[in-house]
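> Fold the stuff below for me.
(2 chains)
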Amino acid sequence: MSTFVGSLSAQWTALLRLIMRRDRWVLSAWLVGVIFFCVFFVPMMPEMMGTDSETLVLGEMMKNPAMVAMCGILYGEEPTIGIIYTQLMMVWSAVVVAVMNILLVVRYTRTDEDEGRLEVIRSLPTGRQAHLVAVASLMVYINGVVALASGFIMALFNVESIDVAGCVVYAAALGACGLVFAGLTMVVVQLVHSARGAIGLSLGLLGGFYLLRAYGDVSSETASLLSPLGLIMRTYPFYDNKWGPVVVLVAVGVVLMLVSFVLGARRDLGQGLMPVLRRARAHGSRFLAGEWGLTWRLTRGTIIGWAITIFIFSAAYASVMGDMESFIDSSPLYQQLMGIGDDDQEVAKSVVVMLVSIMSIIGCIPVLTTAFKLSSEESKGRLDYVVGKTVSRWSLFAGYGVLVVLVAALMQALTAIGFYSVALTVMDEPFTFEFLAKVCLNLLPALIFFGGLGLMIVGWAKKFTWIGWAYLGGAFLLTFLGGMLNLPEWVAKITPFGLLPHWPTESFSVPIWLGLVVMGLALMVVGAVGYRNRDITA
Amino acid sequence: MSQTVISMRQITKNFGRVHALSGVDLLVRAGEIYGFIGPNGAGKSTTIRILLGILKSDGGSARVFGKDAWHDAVDIHQRVSYVPGDVNLWPNLTGGEVIDLFVRLKKSGDKKYRQELIERFDFDPTRKCGTYSKGNRQKVALIAAFSTDADLYILDEPTSGLDPLMEMVFRDCVRKVADEGKTVFLSSHILSEVEQLCTKLSIIRQGKIVDTGSLRELQHLTRNQVHVEALGDLSGLSTVPGVHDLVVKPGEAEFHLDNTHTPQVMSYLARQGATRLVSAPPTLEELFMSHYELQGDSEPQADGELQEASEPKGDSE
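Residues are numbered from 1 along each chain as shown, chains lettered A, B, ... in the order given. Okay, the predicted model is just below:
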């Protein structure tokens, strides 16, 4: 029996080397990007904080429930640069680390399996679990590098109150959290039936843990302890530097990986442990007619999934608005800071604008995903069947154009509805739906612009889809952190979210609003021209 | 009697409620080139995956080289080379890199022969796998399989993407390893290939082996195609036992003849003054078809259309 167990992982080191060899650039890019995200804000902190009194003021602002729900708790007797940095960046850094873990684990397990590459590997004298062992050790290595490198670099910046001991526990918590999501994804891979399903369910769980932490940080400590994203902050870096949560997270990660080995042994190659829920259609429905129908059929699952996500997140953010009102009432300092004096509604409105901006940026993800579906279909060689029929490329492209605009509108509508439905119940003076609809509609051109950009990239050079994602990432950082930095004014305006005045705190601008819509649509037309003249290649 | 290489007894495999295999028996001896044919979804790839320990059977025993296919997979695979029907490779590795990887994982291989195969298959190993056509991806698997040292070659529709010239190279490779006393298990849709290469074959249908034997043995069990010219009247043939599908024209007739009734038919034809008699054994294709026309178990299939059993996704035949 012992030889049987040993043979299960036979030659796993060779498979690990294969992954390292074939994806050395992909892995390096992920590591550099993620480590950069984890540390880049550290050297900007002193500039942002300025004097000690400014630190206190910012600390007061960071205590507001919307901030706590979005980022995490503010702990300690009085805020220091290190503590504020942790609140601002730790959860989001952990999310980025988790996304990397999810995508990499699926890439090296289920994707290889779906594509039939694992079958060849299995027919060679390699162990049945060798690829899982290889992936598990790869993820231990990757998260180890993230933890070591980001801790080291953070300490190198030598910022006041961001000390070595704090950096080490902060970075170790991030790595440990990554390990948990690697293990979780390895388990999910055994349950579902495809790589897409594995990514969807794993990201869904990540979203769920984020919401659990948001709820917990505002109103229940236990809920936060149940979420890895909440647990990491209970290391209290730069304050208590507790190692307990790190130990727990590493243990959970390792246990999940072991569970995935056991589950993996219980299923057939290409199958999942969850029962298949499918309605087997013998015929295409009436909607599956023509290229537009096909486009909808291919994208609807993703769109519906994101629609639900956007609604839930908007509702979750809105749920803090009640706490927000009482917080404002109890904090004269905060009222003073916002410069509004006694009008509670004004303060609440400015918070809503910030939350809706974040939601609108998240809403750009399904917009870009939909636009890029056209190029991913092409890369998989499936578009050949479509353009090989009597389908004009113009019409195919136009279908995506229409869909992208509809997705943008849908996401903004759901943000408004999600906010309204919950704010209605938690606030003493709830917002009107008209107000929330206007806030969302005001930012709609930014989503349309991103849709146009995405389709233009597909139309001319589908290799460069990453530019769309990078630009969106930049827009997120500028919206999220830009306000706190003393950046030149033009920097904020390089993204549509910075360019659009944020009504109602700023005055609405018809030319900019219309200009962005027209620009988004123009980008689509430019993309269509390129698309009609370029090669369709795998 | 030579050594048993593959022995499967009463292997069953279910995917949920779908019975992919219901009691498969196979016996392959050393040195045989064993053909394995059947329609889409009959269970060919499932059988092969069980042989390779990639799938676990729900019942029965599967042994390769006398070892258990599931438990001793790693040991068995040291001596097995496998070529899948649908070869997918890592798009950003070159063909040469993948061949070397497969050979290294086997820990045995002949560098010189690898080079020779690359030349004979007219293959460019320096391109990225993402740019290869189906046929070229198949060449990667074939070159890797034949340049490693194995005692059993399991080939699952290995030529479905190859051009006729490359098919010839493939047949040479198969004959070469067979000459060296190696065993080949070949699943194929290309019946002429099986006819030319295989010394023995099994036909699988709806998860069961419906026929096994050498081609000649199988032919004996079925009907020959007969064309006869005679001086006398041939319309009386319709009353002779063993005559099927009779077409009578003045002075000649065509029919299928059950081999068991050859004596009766011959004596009738002699009485009618037969002048010319041409009898051809059924081709494998006719043999194959006859299994779907005659043995339509529970569901009769008058049109002879091949039954497409619903197998789960990802289990492409």
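> Return the distance of A:Leu406 relative to A:Leu148.
46 Å (CB to CB, to the nearest Å). Every C-beta, even on glycine, is put in place using the N, C-alpha and C of the backbone.
> And for A:Thr13?
A:Thr13 is 22 Å from A:Leu148, where distance means CB to CB.
> Kindly report the same for B:Val18.
Per CB to CB, B:Val18 is found 49 Å from A:Leu148.
> so what pLDDT did A:Gly381 get?
A:Gly381 carries a pLDDT score of 76 in this model.
> what's downstream of whatever helix or strand A:Trp490 lives in, the next helix or strand?
A:Trp490 belongs to helix A:489-492 when elements are defined using DSSP states H and E. Using DSSP H and E, the helix or strand that follows helix A:489-492 towards the C-terminus is helix A:496-499.
> which parts of the helix or strand following that next one are buried?
Using DSSP H and E, the helix or strand that follows helix A:496-499 towards the C-terminus is helix A:510-533. Buried residues in helix A:510-533, counted by 16 or more other CB atoms under 10 Å in any protein chain shown: A:513, A:516-517, A:519-521, A:523-525, A:527-528, A:530-531.
> Likewise for stretch A:284-303?
Neighbour-count burial for stretch A:284-303 [16+ other CB under 10 Å]: A:Glu291, A:Trp292, A:Leu294, A:Thr295, A:Thr299, A:Thr302, A:Ile303.
> Give the full set of residues in contact with the fourth one.
Contacts for A:Thr295 were tallied using CB atoms under 8 Å, 6 or more residues apart in numbering or on different chains; they are A:Lys373, A:Leu396, A:Gly399, A:Tyr400, A:Leu403.
> Point out the least confident member of those, please.
Note: of those, the lowest pLDDT belongs to A:Leu396, at 90.
> Please, which helix or strand holds the residue lying closest to that one once chain neighbours are set aside?
Of all residues not flanking A:Leu396 in the chain, A:Glu291 sits nearest, at 4.8 Å (CB to CB, 6 or more residues apart in numbering or on different chains). Element membership of A:Glu291 [criterion: DSSP H and E] is helix A:290-318.
> can you state the direction angle for the strand or helix carrying A:Leu206 and helix A:290-318?
Element membership of A:Leu206, judged by DSSP H and E, is helix A:195-219. Interaxial angle of helix A:195-219 relative to helix A:290-318 (axes from the mean of the first three to the mean of the last three CA atoms, to 10 degrees): 20 degrees.
> any chance of the buried residues of helix A:510-533 in JSON lines, with distance to chain B too?
Converted to JSON lines, the buried residues of helix A:510-533 look like this (distance: CB to the nearest CB, whole Å):
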{"residue": "A:Trp513", "distance to chain B": "43"}
{"residue": "A:Leu516", "distance to chain B": "37"}
{"residue": "A:Val517", "distance to chain B": "38"}
{"residue": "A:Met519", "distance to chain B": "35"}
{"residue": "A:Gly520", "distance to chain B": "33"}
{"residue": "A:Leu521", "distance to chain B": "34"}
{"residue": "A:Leu523", "distance to chain B": "29"}
{"residue": "A:Met524", "distance to chain B": "29"}
{"residue": "A:Val525", "distance to chain B": "31"}
{"residue": "A:Gly527", "distance to chain B": "24"}
{"residue": "A:Ala528", "distance to chain B": "27"}
{"residue": "A:Gly530", "distance to chain B": "23"}
{"residue": "A:Tyr531", "distance to chain B": "22"}
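> one step back: which one of the buried residues of stretch A:284-303 is nearest A:Leu27?
Using CB to CB, A:Thr302 comes nearest to A:Leu27 of the buried residues of stretch A:284-303, at 26.1 Å.
> Correct me if wrong: that closest one contacts A:Ile365.
No: look at A:Thr302 against A:Ile365 with CB atoms under 8 Å: they stay out of range, at 9.8 Å.
> Report the inter-axis angle for the top helix by length along chain A versus helix A:290-318.
Longest helix in chain A by number of residues (criterion: DSSP state H): helix A:344-379. In terms of direction (the same axes, to 10 degrees), helix A:344-379 departs from helix A:290-318 by 150 degrees.
> any bit of helix A:344-379 sitting next to chain B?
No: figure legend: helix A:344-379 not in contact with chain B (CB under 8 Å from any CB of the partner chain); closest approach 9.3 Å.
> List of residues touching the next helix or strand after that helix?
Next in sequence after helix A:344-379, counting helices and strands by DSSP H and E, comes helix A:383-387. Applying CB under 8 Å, 6+ apart, the contact partners of helix A:383-387 are A:Glu291, A:Leu294, A:Leu374, A:Glu377, A:Arg393, A:Leu396, A:Ile536.
> what about the helices in the stretch 51-200 of chain A?
Taking DSSP state H, counting those that start in this stretch as the test, the helices found in the stretch 51-200 of chain A are A:52-62, A:65-70, A:81-106, A:112-114, A:117-123, A:130-156, A:164-191, A:195-219.
> out of those, deepest packed?
Sort the helices of the stretch 51-200 of chain A by mean neighbour count, taking mean count of other CB atoms under 10 Å in any protein chain shown, and helix A:164-191 sits at the top with a mean of 26.
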